[in-house]
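**Q** requesting a structural model of the entry that follows:
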Amino acid sequence: MVRIDVLWTDEDGTPRVAPAKIEDRSHGGFSIRMKYEIRVGSMVSIKFGSEQVSGTVTNCRAERSEYVVGIKRDSAAAADPV
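**A** As a prediction, this is how the structure comes out:
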């Protein structure tokens, strides 16, 4: 698992950042595990090292004490390597 930082704006409009781990990735998106729930439809940025990729949350489910979040990469970012 790769450690990353996830940046998003919560439902109150407050900018948030939290650590997460990439569980799975594909050309079209990511599955990440983190301690916070992110609302479906939220725009997120994933930062790892000097790289940053953006996308939209497509699903979020609780699993034990964490959340598994599915993210669809922005089409412009889909060509970027990760």
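
**Q** from here on, just use CA atoms for contacts and neighbour counts.
**A** Noted.

**Q** show me what the lengthiest strand in the chain is in contact with.
**A** When the chain is scanned for its longest strand (criterion: DSSP state E), the result is strand 51-63. Strand 51-63 has contacts (Cα atoms under 8 Å, 6 or more residues apart in numbering) with 29, 37-47, 67-74, 77.

**Q** list buried residues within these.
**A** 29, 37-39, 42-47, 67-74, 77 (16 or more other Cα atoms under 10 Å).

**Q** ranges for the helices of this structure?
**A** Counting by DSSP state H, the chain has no helices to list.

**Q** can you show me the strands along this structure?
**A** Using DSSP E, strands in the chain cover 2-9, 15-25, 29-34, 43-48, 51-63, 66-73.

**Q** okay if I get those as a markdown table plus mean pLDDT?
**A** What follows is the strands of the chain, written out as a markdown table (pLDDT from 0 to 100):
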| stretch | mean pLDDT |
| --- | --- |
| strand 2-9 | 94 |
| strand 15-25 | 95 |
| strand 29-34 | 95 |
| strand 43-48 | 94 |
| strand 51-63 | 95 |
| strand 66-73 | 97 |
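
**Q** please name the bridge partners of the residue nearest to residue 29 when sequence neighbours are not counted.
**A** Of all residues not flanking residue 29 in the chain, residue 72 sits nearest, at 4.4 Å (Cα to Cα, 6 or more residues apart in numbering). When bridges are called by DSSP bridges, residue 72 pairs up with residue 29, residue 56.

**Q** show me the residues around residue 72 that make contact.
**A** When the contact criterion is Cα under 8 Å, 6+ apart, the partners of residue 72 are 28, 29, 30, 55, 56, 57, 58.

**Q** which one of those is nearest residue 4?
**A** Set against residue 4, the nearest of the contacts of residue 72 by Cα to Cα is residue 30 (11.6 Å).
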